[in-house]
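K.L.:
heads up, no residue letters with this:
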């Protein structure tokens, strides 16, 4: 560590680095939830899926020695949880929000139970790609050690945006979310569309969990998620069901999470609890600014139980 | 969020009680041995606070005639009272170790009143004369071990900047930060300790961010006071920084980065307690000690610790062992320039003033509020 005196520049750098490091789980969960909600269903259980994904990824990586198998296992676990949610919700008169809360409790409880023996061992981690090779500043190089899952997440956002607009599948999902009757009239099974959308959503959320346990912070323990899954679900509403806005919102939340520690590290120590709360204050502020009692939220799928 | 509270133990106990409730013979078989109950607030293999206690429990299991029952992840609420009752009524525990700080008042005090024949040993040191006599508090002066860690860190740092990832600015934590810094400044009078408070005992993402921020500031030796140091140790080692551990020995996590660490030594203390009880002696209600009393210990030095650092650290350790060393010896100024311990005043470990510590000493960068 030759040059150590970046001084105040550490703060924007830490926010930038934090946006990359911390945002990935938010990104995957919110994109997954975006697909599910666009099909007309809310899956609040993604917090449980995220934690289950983190646990199964760590377990499989530890047992097999391959972190990528762990990522796959996390995705499959997530998809199964999605299928469970969609399966229960396809029964008549079942409330998807209540099922989501039940699955959130089931997922976290099951992950804690099965993950008991995984707290102590160290599993193989996902590799990072060094994008900072051109820089001499060690801090910048560290911030630019990026995991490929982050890049995949960033690529999925525009892909989803495009797919919702121009592909047949995107149209079907949107139809199921805007008007179930229209989808039925076209001869499609709304339940099947939602089942698939929820499974894909769960798959992505599970992968988001694998990032937590296999890359950053990079080990399995019970406080790992501390509510990131549920924050990400809220983030979808905040992002108006738009995949690109989900990407920006996730980056903002990641950066905001890094703000508290970074300010303390340069000696701005007063009110660190306030800075730690920055992401939530940000959400509240934007929610208040953009809400209106006179109309439903722009972009909200009409079939969602919160808008109906 | 804590949903995993219905443990297998509870289910098994419940079904056992249902099935065998009427056949009273089951208690008789266990009468010859002493059953000791351990209650942890988190997971007992967290490489941290709870694992340290579990290691103490494991030492008890080796003693003849001792049966140990354990329950993990018991929150600091009414839940601990239920666990205590079930350990006493269903397992026949006569000695209980509710190991988390927040269990004591009102829960342990209440249970000690309800079960006057059982012994309660609480970790945290809050017992006062008004509390039941069958309850006791013990705690260790782990700042002595942090002081040794500080000396080693002071010799090992190249930048002169040390980092401390802390949970909350409470006296126990501040005492560790201050002892670590005072130790480091024995070795390197210009060394500083940058402290970051994460706000809670277990916040893995915040701890990782704090670790990264500190290293970005040029810090090259880190330590911490959080429940599970694993996140800090692993992330610091990945960035090429060195670490001093806390609670238990974390060197298996980062053998190349681990200098030394401040550890609890419950595996020495708990067998002592049990032997005292079996022999019918009373354990002092307020039990304290440091390196000398074998309540805390220092991790073995890592390979990269220099001979000079080892010698200095070992010298100071020897003085602690003979009881002739004081960490908080005046004059000591806080990091705002105010004298907090006047010249000529020695605040020995037992000094109640130290339990009220609300300042950071000179050399610490950070604030308590």
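P.N.:
Happy to help now that I have it. Remember, it's a predicted structure, so these values are computed and weren't measured experimentally.

K.L.:
once you drop chain neighbours, what's closest to residue A:232?
P.N.:
residue A:29 (3.6 Å; Cβ to Cβ, 6 or more residues apart in numbering or on different chains). Placement of C-beta: from N, CA and C, glycine included.

K.L.:
for residue B:294, same thing?
P.N.:
residue B:268 (4.3 Å).

K.L.:
tell me which residues touch the residue in the stretch 51-200 of chain B that chain A sits nearest to, please.
P.N.:
Residue of the stretch 51-200 of chain B nearest chain A, by Cβ to the nearest Cβ: residue B:196 (4.5 Å). The neighbours of residue B:196, taking Cβ atoms under 8 Å, 6 or more residues apart in numbering or on different chains as the test, are A:261, A:264-265, B:163-166, B:210, B:213-214, B:366.

K.L.:
by pLDDT, give me the weakest of the residues you listed.
P.N.:
Among the contacts of residue B:196, residue A:265 carries the lowest pLDDT, at 81.

K.L.:
residues in contact with the closest residue to that residue other than its chain neighbours?
P.N.:
The shortest distance from residue A:265 to any non-neighbouring residue, by Cβ to Cβ, 6+ apart, is to residue B:213 (3.9 Å). By Cβ under 8 Å, 6+ apart, the residues touching residue B:213 are A:10, A:14, A:258, A:261-262, A:264-265, B:196.

K.L.:
show me where pLDDT drops low in the chain?
P.N.:
Since no chain was named, I'll use chain A. A:1-7, A:290, A:292-298, A:306-308 (pLDDT under 70).

K.L.:
looking at chain B here, not the other one
P.N.:
In chain B (pLDDT under 70), the answer is B:1-32, B:125.

K.L.:
domain-wise, how is it divided?
P.N.:
B:32-140, B:143-264+B:296-365 (automatic domain parsing).

K.L.:
which parts of the stretch 51-200 of chain A sit against chain B?
P.N.:
For the stretch 51-200 of chain A, the residues in contact with chain B (Cβ under 8 Å from any Cβ of the partner chain) are A:105, A:108-109, A:112-113, A:116-117, A:119-120, A:122, A:139, A:142.

K.L.:
near chain A, which residues of the stretch 151-300 of chain B show up?
P.N.:
B:158-159, B:161, B:194-199, B:202-210, B:212-218, B:220, B:228, B:230-231, B:234-235, B:238-240, B:253.

K.L.:
can you flag which of those belong to helices?
P.N.:
B:204-210, B:212-216, B:230-231, B:234-235, B:238 (DSSP state H).

K.L.:
chain B: helices as residue ranges?
P.N.:
Under DSSP H, chain B gives helices at B:8-20, B:26-30, B:49-61, B:78-89, B:109-114, B:143-156, B:171-187, B:204-216, B:230-238, B:266-278, B:307-321.

K.L.:
name the nearest residue to residue 263, ignoring sequence neighbours.
P.N.:
Using chain A. Among residues not flanking residue A:263 along the chain, residue A:275 sits closest, at 5.6 Å (Cβ to Cβ, 6+ apart).

K.L.:
wrong one, chain B
P.N.:
Residue nearest to residue B:263 in three dimensions, not counting chain neighbours: residue B:297, with 5.1 Å by Cβ to Cβ, 6+ apart.

K.L.:
ok, the one you found - how many residues close by?
P.N.:
By the criterion of other Cβ atoms under 10 Å in any protein chain shown, residue B:297 has 22 neighbours.

K.L.:
cool, residue B:304 as well?
P.N.:
Residue B:304 has 12 neighbouring residues, counting by other Cβ under 10 Å.

K.L.:
how close does it sit to chain A?
P.N.:
Applying Cβ to the nearest Cβ, to the nearest Å, the value for residue B:304 to chain A is 16 Å.

K.L.:
can you pull the contacts of that residue?
P.N.:
B:156, B:242, B:256, B:259.

K.L.:
try residue A:217
P.N.:
Contacts of residue A:217 were listed using Cβ under 8 Å, 6+ apart, and they are A:224, B:204-205, B:207-208, B:231, B:234-235.

K.L.:
closest one to residue A:69 out of those, please.
P.N.:
residue A:224 (19.6 Å; Cβ to Cβ).

K.L.:
how many neighbours does the one residue in chain B that gets nearest to chain A have?
P.N.:
Taking Cβ to the nearest Cβ, chain A has its nearest neighbour within chain B at residue B:218, 2.6 Å off. Neighbours of residue B:218 under the rule other Cβ under 10 Å: 23.

K.L.:
torsion angles phi and psi at it?
P.N.:
Dihedral pair for residue B:218: phi 100, psi 0, per degrees, to the nearest 10.

K.L.:
I appreciate the help and will end here.
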